[in-house]
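Q: The following block contains a protein sequence and its predicted model.
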Amino acid sequence: MGSLRTRVLGWVGRRYLARQQKKGFDLSKMAFLPDAALMPLKREGLDPVPELGAKRAEAPISKLDLPFGMNAWLVTGYEEAKAVLGKANGFSSDFTNLVGNAGVTEDQNPGGLGFADPPVHTRLRKLLTPEFTMRRLSRLTPRIDEIITEQLDAMAAAEGPVDLWTSFALPIPSLTICELLGVSYEDRADFQRLSTARFDLFGGAGASLGAISESLTYLLEIVKKQREQPGDGLLGMLIKEHGDEIDDRELAGLADGVLTGGLETTASMLALGALVLLRDEGAMAAVRGDDDAVHRFVEELLRYLTVVQMAFPRFAKEDMEIGGVSVSEGDIVIVSLSGANRDAALGAGMESFDAARDPSSHLAFGYGIHRCVGAELGRMELRAAYPALIRRFPNLRLAVEPDQLAFRKVSIVYGLDALPVLVD
């Protein structure tokens, strides 16, 4: 449709277009958002487009260019991002901000932590957090190692080029999430499809919410079975320890949040991180090193890639000032995590990757009450997978020219569609 318009109806825009609808504007005729509004989700290879850095240099908080004079702000500065994400009493992430606007209904609420405010968020997170302590997660370590080995064995047995995305990056977190939740491995294909669909803005908000709804329907059936016979997975443990404190819909929402936060994101990290390994000798040396070197590599990779490009939108609950900018009640604030993680406030040379860099206080997992509860699980998978990949295939290399790789165009979670490699 041309470079000036991209076919997408993002739910970010829907919230504010609803205000115009009340004034008689027909939302059904609005099928496009300006390129400028989608700029924070675009990249050139592994790097955010230069315009994002230019925005940050000009002003760490700037007006987001949306139609009809809608009040939206883009945060690209590190300190300013922390200020917004850490101000839970001043901003709302609750799903009710969307209900009744542009056809969004209450029954489309995915539940979980991402679209909840205190006190609901506080209660649910208190139930979920103990399941993500290192003590609880450590039980998964042997199984994660087995999953990685199984995938590497399958890659070694394949003839010709191997798609590292489908053979390595996607199955590892998919099977790990199945193990964590206590659900059947046979259903992982549906998990993968539904996880990817919700982040793809080309389908619009309706398609994303539809994927979430389908996921919740499946997970509700799993929850019902777990109620009858609780297993040793996360759902079973929550039912055993807190069954009277949480209903089936809330349990399904929490499980869906684990799926959302732990599958597509880790898969994208594994694929893009492998690409970094293939083009950076320092990275290769790091993953062949000791645990400290692997730790530094993973933390730098999380910062540099920031596959979750923006945080859930925040809706201002009151007039306030953030970073010298006056934000009014009702304004929407979009935090660019990829922009904030490249800010010089974190140190020198943040636009480049340095495998030996000391870990920084990056925002790859978010910040504040909505920081990813499964952050440590993701780290466990990354720290185990990269060294195993390089040890098994020391001559790993791309099977295509770099300019032939297909990156996602407009997605909240950035990634590759495929990564063909030779493993001999």
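A: Thanks, I have the structure now.

Q: Remind me what whatever helix or strand residue 273 lives in packs against, helices and strands.
A: Element membership for residue 273 (DSSP states H and E) is helix 265-279. In terms of contacts (3 or more CB pairs under 8 Å, 6 or more residues apart in numbering; DSSP states H and E), helix 265-279 is packed against helix 171-181, helix 281-287, helix 291-305, helix 375-392. Any C-beta I mention is one placed from the backbone N, CA and C, and that applies to glycine too.

Q: Need the contact partners of the last one.
A: The contact list for helix 375-392 (CB atoms under 8 Å, 6 or more residues apart in numbering) reads 132, 134, 137, 140-141, 144-145, 148-149, 152, 155-156, 168, 172-173, 176, 180, 262, 265-266, 269-270, 273-274, 277, 284, 287-288, 291, 294-295, 297-298, 301-302, 365, 372, 396, 423.

Q: likewise the shortest one?
A: Taking contacts as CB under 8 Å, 6+ apart, the residues outside helix 281-287 that touch it are 276-277, 293-294, 296-297, 301, 353-356, 386-387, 389-390.

Q: give me that answer again for 6 Å
A: 276-277, 293-294, 297, 355, 386-387, 390 (CB atoms under 6 Å, 6 or more residues apart in numbering).

Q: Now, of those, which are buried?
A: 276-277, 293-294, 297, 355, 386-387, 390 (16 or more other CB atoms under 10 Å).

Q: Next, format those residues as TSV and append pLDDT and distance to residue 77.
A: Converted to TSV, the buried ones among the contacts of helix 281-287 look like this (pLDDT from 0 to 100; distance: CB to CB, whole Å):
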residue	pLDDT	distance to residue 77
276	97	25
277	96	30
293	95	30
294	96	30
297	97	26
355	95	25
386	98	30
387	97	34
390	96	35
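
Q: Adding distance to residue 317, write these out as TSV.
A: TSV is the format used below for the buried ones among the contacts of helix 281-287 (distance: CB to CB, whole Å):
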residue	distance to residue 317
276	40
277	44
293	44
294	42
297	40
355	42
386	42
387	45
390	48
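
Q: one step back: with respect to residue 337, which of the helices and strands packed on helix 265-279 lies nearest?
A: helix 291-305 (9.8 Å; CB to CB).

Q: Show me what that closest one is packed up against.
A: With contacts taken as 3 or more CB pairs under 6 Å, 6 or more residues apart in numbering; DSSP states H and E, helix 291-305 sits against helix 281-287, helix 375-392.

Q: Give the rounded mean pLDDT of stretch 119-133.
A: Average pLDDT, stretch 119-133: 91.

Q: er, stretch 260-271 actually
A: 90.

Q: export it as PDB, just CAs?
A: Coordinates of each C-alpha in stretch 260-271 appear next as PDB, following Å, rounded to 0.1, in the frame of the first residue of the first chain:
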ATOM      1  CA  THR A 260       2.900 -14.600  26.300                       C
ATOM      2  CA  GLY A 261       6.000 -13.500  28.300                       C
ATOM      3  CA  GLY A 262       8.000 -16.700  28.000                       C
ATOM      4  CA  LEU A 263       7.500 -18.200  24.600                       C
ATOM      5  CA  GLU A 264       7.800 -15.700  21.700                       C
ATOM      6  CA  THR A 265      10.200 -13.500  23.600                       C
ATOM      7  CA  THR A 266      12.700 -16.200  24.400                       C
ATOM      8  CA  ALA A 267      12.400 -17.700  21.000                       C
ATOM      9  CA  SER A 268      13.200 -14.400  19.400                       C
ATOM     10  CA  MET A 269      16.100 -13.900  21.700                       C
ATOM     11  CA  LEU A 270      17.500 -17.300  20.900                       C
ATOM     12  CA  ALA A 271      17.300 -16.700  17.100                       C
END
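
Q: That stretch: how far from the chain's middle?
A: 7 Å (CA atoms, centre = their mean, to the nearest Å).

Q: Helices of the stretch 51-200 of the chain, start to end?
A: Using DSSP state H, counting those that start in this stretch, the helices of the stretch 51-200 of the chain run over 78-85, 120-128, 134-137, 141-157, 164, 171-181, 188-197.

Q: Count residues in the vicinity of the nearest residue to residue 184 once chain neighbours are set aside, would you?
A: Closest residue to residue 184 apart from its sequence neighbours, by CB to CB, 6 or more residues apart in numbering: residue 178 at 6.9 Å. Residues lying near residue 178 (other CB atoms under 10 Å) number 20.

Q: Centroid-nearest residue for this protein?
A: When CA atoms, centre = their mean is applied to the chain, the residue found nearest the centroid is residue 308 (3.9 Å).

Q: Let me know the pLDDT of that one.
A: Predicted confidence (pLDDT) for residue 308: 95.

Q: For residue 403, give its distance to residue 47.
A: Applying CB to CB, to the nearest Å, the value for residue 403 to residue 47 is 15 Å.

Q: Apologies, that question was intended for residue 371.
A: 24 Å.

Q: Relative to residue 219, which of the contacts of helix 281-287 is nearest.
A: Among those, and counting by CB to CB, the member closest to residue 219 is residue 386, at 30.1 Å.

Q: Cool, thanks, talk later.
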